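>>> what's the 3D shape of this:
(4 chains)
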2 protein chains.
Amino acid sequence: MSVNGGPTGGSGASDGAHAAANRYVPEATVARLATYFRVLGSFGENGTTTVSSDELATAAGVNSAMLRKDLSFLGSYGIRGVGYDVDTLTGQIARALGLTVHRSVVLVGVGNLGQALAGYAGFGSRGFHIAALLDADPARVGTCIRGLVVRDIAALADVVHEEGITIAVLATPAAVAQDVCDQLVAAGITSILNFAPVVLSVPPHVDVRKVDLAAELQILSFHESRKHAMPRPVAR
Amino acid sequence: MSVNGGPTGGSGASDGAHAAANRYVPEATVARLATYFRVLGSFGENGTTTVSSDELATAAGVNSAMLRKDLSFLGSYGIRGVGYDVDTLTGQIARALGLTVHRSVVLVGVGNLGQALAGYAGFGSRGFHIAALLDADPARVGTCIRGLVVRDIAALADVVHEEGITIAVLATPAAVAQDVCDQLVAAGITSILNFAPVVLSVPPHVDVRKVDLAAELQILSFHESRKHAMPRPVAR
DNA sequence: TAGATTGTTAATCGATTAACAATC
DNA sequence: TAGATTGTTAATCGATTAACAATC
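Numbers count the residues shown, from 1 in each chain, chains lettered A, B, ... in the order given. This next block holds a predicted model:
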């Protein structure tokens, strides 16, 4: 399945005014829905009940035409001349993102980065519960991190089945990431958030998203070079 | 400037066989160059001296036509019928990404995630040096993390000027991220890697890339919903 | 009604891919 | 030369944007 991109399969079926339950949603739109969801949360906390596409787009850092197009994939939940009801829209985006069902994740690899992820408050506050921590290092197994006992990677299949987990966060060293990934897939995991700087091979039914911290800096470095580069002489 | 996207400005100028120093490079290509660079590193460590576009593309998880097109933006460094020399190509990508000059970064916010980033070996091994750690919390200032003393955020301008830093990693709480961002920009930072779940406002000459961990899980959640969704009855 | 704002269309733009001539 | 593989073209595909009719 797609690795940080590629279209989201769906029907192209007909639809009534609100019958948008399962429409095709472009991958680029899905990524932005997560941003809209977060920004809507801030509006809600402020007590704002209604937002226009212009206000929401500005807060999310996108063009308002794009915002309206994105939202149109979910259905027609705005009111012309008025805007969007914050609560209604929040709920619809939550539904679209699958956040209305409880989602537990397993975190594999509690080294430097894994420990930080285990303690990252942003997961909990935004709909995800880290249900288990796993590691292969006997020195780490049995230790307690943020109230969770680190279990042996051998318990993976048990943990996944007991808790009904389908999403894993992979934060192991690069050298063992593919091996652990294979174990995750064998245990029934179908979505992986990969922090190890390797390209994972997975079967087609498994989604992988990768976060490559050094690559992000390299991309910034590319733009830095351009900013400070001497203009080239024009070709004669 | 672009926020995780948007084209990279450049000339469209003519070029000889190897005169690719400053050509326009699409943003999507820049992101993949970082992957090619890492994969080429592995080939080099293995002692491989030559790779074909097919081998490199497979290892990088992309189509070989796309790989060749990506590389063509850098110039013409392959040999028809043979492939690419690993060292030559590695060097050319390093040059394109601006990794041939030393790049120091400043990390602001040494909380849970910031501490992990400070200790993340992947930065150092892939061309970046964390030159300073800053925090606003007096309880953290003066502590030592991975051999670096945490300094007060008030020292930002000094640190940036002393070390010639233009890239910052922002790992503060969301509530203060925009304020700290403004300080970074005022101090002369022109590239920011943002881990705080907020949309940052920056002037046009500043690049921001964001890493939103919860958003990544939400995107996976979206696809999970689709995988397990009941097929909708066909409209009558 | 007049003003405001949505939802959608159509144009544009950028990215991906297959195919193949060039050439090692 | 024959075989292999690059670099580039052109077609396709998907994403973004401006503009505006629909409608609250």
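>>> give me the phi and psi for A:S76.
Comment: the main-chain dihedrals of A:S76 come out as phi -120, psi 90, following degrees, to the nearest 10.
>>> for the one 4 residues further on, same thing?
For A:R80, the backbone dihedrals (degrees, to the nearest 10) come out as phi -60, psi 140.
>>> quick one, longest helix in chain A?
Among the segments of chain A that qualify as a helix by DSSP state H, the longest is helix A:27-45.
>>> what pLDDT, on average, does the top strand by length along chain A get?
Counting by DSSP state E, the longest strand found in chain A is strand A:128-135. Per-residue pLDDT values across strand A:128-135 average out to 96.
>>> state the next helix or strand along the chain beyond that strand.
Taking DSSP states H and E as the definition, the helix or strand that follows strand A:128-135 towards the C-terminus is strand A:144-145.
>>> which of the residues in the lowest-mean-pLDDT helix or strand in chain A are buried?
Each helix and strand of chain A was given a mean pLDDT (mean pLDDT, DSSP states H and E); the minimum falls on helix A:121-125 at a mean of 87. Of the residues in helix A:121-125, those buried by neighbour count under the rule 16 or more other C-beta atoms under 10 Å in any protein chain shown are A:G122, A:F123. From N, CA and C alone the C-beta is placed, and that goes for glycine too.
>>> only alpha carbons, please: show it as CSV.
What follows is the C-alpha trace of helix A:121-125 in CSV, where atoms were taken according to Å, rounded to 0.1, in the frame of the first residue of the first chain:
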residue,chain,number,x,y,z
ALA,A,121,1.7,13.8,25.3
GLY,A,122,0.5,14.7,21.8
PHE,A,123,-0.5,11.1,21.0
GLY,A,124,-2.8,10.8,24.0
SER,A,125,-4.4,14.2,23.5
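>>> show residues contacting it.
Contact partners of helix A:121-125, identified using C-beta atoms under 8 Å, 6 or more residues apart in numbering or on different chains, comprise A:V105, A:L117, A:H129, A:I130, B:N112, B:P197, B:L213, B:A214, B:L217.
>>> how about stretch A:173-180?
A:108-109, A:111, A:136, A:153, A:170, A:172, A:194, A:196-198, A:200-201.
>>> please, a ChimeraX command that selects the buried ones among those residues?
Once 16+ other C-beta under 10 Å is used to decide burial, the buried members of the contacts of stretch A:173-180 can be selected in ChimeraX as follows:
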select /A:108,109,111,136,153,170,172,194,196,197,198,200
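>>> shouldn't A:D207 be in contact with A:L193?
No. Contact status for A:D207 versus A:L193: not in contact, 9.4 Å apart, counting by C-beta atoms under 8 Å.
>>> off-centre distance for the least confident helix or strand of chain A?
The gap between where helix A:121-125 is centred and where its chain is centred comes out at 13 Å by C-alpha atoms, centre = their mean, to the nearest Å.
>>> what pairs with the following helix or strand past the longest helix of chain A, parallel or antiparallel?
Using DSSP H and E, the helix or strand that directly follows helix A:27-45 along the chain is strand A:50-51. Applying DSSP bridges to the sheet, strand A:50-51 is found paired with strand A:83-85 (antiparallel).
>>> what's the neighbour count on A:Y84?
Other residues near A:Y84 number 25, with proximity taken as other C-beta atoms under 10 Å in any protein chain shown.
>>> tell me what it is bridged to.
In this structure, A:Y84 has the following beta-bridge partners (DSSP bridges): A:V51, A:G78.
>>> contact partners for it?
If you count contacts by C-beta under 8 Å, 6+ apart, A:Y84 has them with A:T50, A:V51, A:S52, A:S53, A:L56, A:L71, A:Y77, A:G78.
>>> okay, among the residues you listed, which ones form the most distant pair?
Of all pairs drawn from these, the greatest distance, 14.2 Å, lies between A:T50 and A:L71 (C-beta to C-beta).
>>> out of these two, which sits in the more crowded spot?
More neighbours surround A:L71 than the other of A:T50 and A:L71, with 23 against 16 (other C-beta under 10 Å).
>>> partners of the longest strand of chain A in the sheet?
Each strand that strand A:128-135 pairs with, and the sense of that pairing, follows from DSSP bridges: strand A:103-108 (parallel), strand A:148-152 (parallel).
>>> buried deepest among those, which one?
strand A:103-108 (a mean of 23; mean count of other C-beta atoms under 10 Å in any protein chain shown).
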